[in-house]
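sharing a sequence plus its predicted fold:
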Amino acid sequence: MSLMSETLSQSDDYEQSAVTFLRSCGHTSIVSLGCGFELNRIDNHLRLMTALNLTFYVGIDRVSNINLSSTDIFLDRDGMAKLLARYYQGEPQGFWGAMKVFPNTWVEELRDLHCAVVVCQRVEPDCRWEDVIVSMRPKLVLQEDLHGCERQQLRGQGYVRTWLKVPQYGLQPFRPWPIFPGERNLILWRRQDFDDEEVQASKWKVLWRLGERFIG
């Protein structure tokens with residue numbers, strides 16, 4: 001059975017609310033805020049999920065239904081099949097049991113619910129979620145597809161932009177058109193108290209610290 005045919009059997013009907021689910025499982029979940037009515041291009045999300053050994057992929061949006069069977073759910077279908085096969089010990093279809101979607105859910109409902117990773121993708125203008133995101137205390141925050149979208153500014157709120165972790169986790173931005181040099185249409189934030197060994201060990205530690213302090 002292919003990865004895509006497996007998605008067609010998934011139901012969006014969950015009796016639990018996102019709040020109830022994340023209250024107990026948020027610490028092992030990657031959460032896509034405002035994922036839209038159709039999950040798409042989640043390759044980087046899965047790279048983070050597997051790299052951090054997380055259990056659940058959670059999509060939330062205020063829309064009435066979230067479709068899991070988009071033909072664009074992956075950019076690199078073969079690469080994701082291999083990644084999931086390794087992660088689920090030869091059974092990539094196991095991922096669909098780890099996916100939870102919660103339509104009719106507003107981002108603001110997740111305030112103070114701890115989640116391991118937060119993703120903001122295609123955020124509508126004037127959607128300011130910084131306070132909610134900070135209250136969730138994720139280890140990492142990924143912002144993708146920044147053109148024409150509202151950027152969440154986490155600088156000075158316990159988070160720093162991290163460049164080293166982008167190649168470390170193999171993140172590959174889609175539509176990599178730069179707005180500023182080196183940006184490549186993707187921002188990855190790191191909670192300041194999370195996994196900082198690579199900077200500590202670098203001979204360029206002082207420069208990395210300066211970059212984190214002044215660029216955000």
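Yes, it's here. Here the structure is a predicted model, which means the values were calculated and not measured.

so which residue is smack in the middle of this structure?
In the chain, the centroid-proximal residue (Cα atoms, centre = their mean) is Val119; its distance is 3.1 Å.

which residues does that residue contact?
Neighbouring residues of Val119 by Cβ atoms under 8 Å, 6 or more residues apart in numbering: 30-33, 45, 48, 141-144. All C-beta spots, glycine's among them, are computed from the backbone N, C-alpha and C.

in the sheet, who's paired with it?
Beta bridges link Val119 to Ser32, Leu142, judged by DSSP bridges.

before we move on, back to that, can you redo the contacts of Val119 as JSON lines with neighbour count, pLDDT and distance to Glu124?
Shown next, in JSON lines, are the contacts of Val119 (neighbours: other Cβ atoms under 10 Å; pLDDT from 0 to 100; distance: Cβ to Cβ, whole Å):
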{"residue": "Ile30", "neighbour count": "28", "pLDDT": "98", "distance to Glu124": "21"}
{"residue": "Val31", "neighbour count": "27", "pLDDT": "98", "distance to Glu124": "17"}
{"residue": "Ser32", "neighbour count": "23", "pLDDT": "96", "distance to Glu124": "14"}
{"residue": "Leu33", "neighbour count": "25", "pLDDT": "94", "distance to Glu124": "11"}
{"residue": "His45", "neighbour count": "22", "pLDDT": "97", "distance to Glu124": "19"}
{"residue": "Leu48", "neighbour count": "22", "pLDDT": "97", "distance to Glu124": "23"}
{"residue": "Val141", "neighbour count": "26", "pLDDT": "97", "distance to Glu124": "17"}
{"residue": "Leu142", "neighbour count": "24", "pLDDT": "95", "distance to Glu124": "17"}
{"residue": "Gln143", "neighbour count": "22", "pLDDT": "92", "distance to Glu124": "13"}
{"residue": "Glu144", "neighbour count": "23", "pLDDT": "89", "distance to Glu124": "14"}
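
now flag whichever of those is closest to Glu150.
Of all these, Glu150 sits closest to Gln143, with 9.5 Å by Cβ to Cβ.

helix, strand or coil for the residue nearest to the closest one when sequence neighbours are not counted?
Nearest residue to Gln143 in three dimensions, chain neighbours excluded: Ile187, at 4.3 Å (Cβ to Cβ, 6 or more residues apart in numbering). Reduced to three states with DSSP: H, G, I helix; E, B strand; the rest coil, the structure at Ile187 is strand.

what about Ile187, distance to Val123?
Distance, Ile187 to Val123, by Cβ to Cβ, to the nearest Å: 11 Å.

so what sits against both of those two?
143, 151.

and the helices in this protein?
Along the chain, the segments classed as helices by DSSP state H run 3-7, 18-25, 43-51, 77-87, 94-98, 130-136, 165-168, 197-201, 205-214.

hey, least reliable of those helices by pLDDT?
Lowest mean pLDDT within the helices of the chain: helix 3-7, at a mean of 49.

I'd guessed the residue nearest to Gln143 sits against Arg161; true?
Yes - applying Cβ atoms under 8 Å as the test, Ile187 and Arg161 come out as touching, 6.3 Å apart.

between these two, which has more neighbouring residues?
Ile187 (22 against 19; other Cβ atoms under 10 Å).
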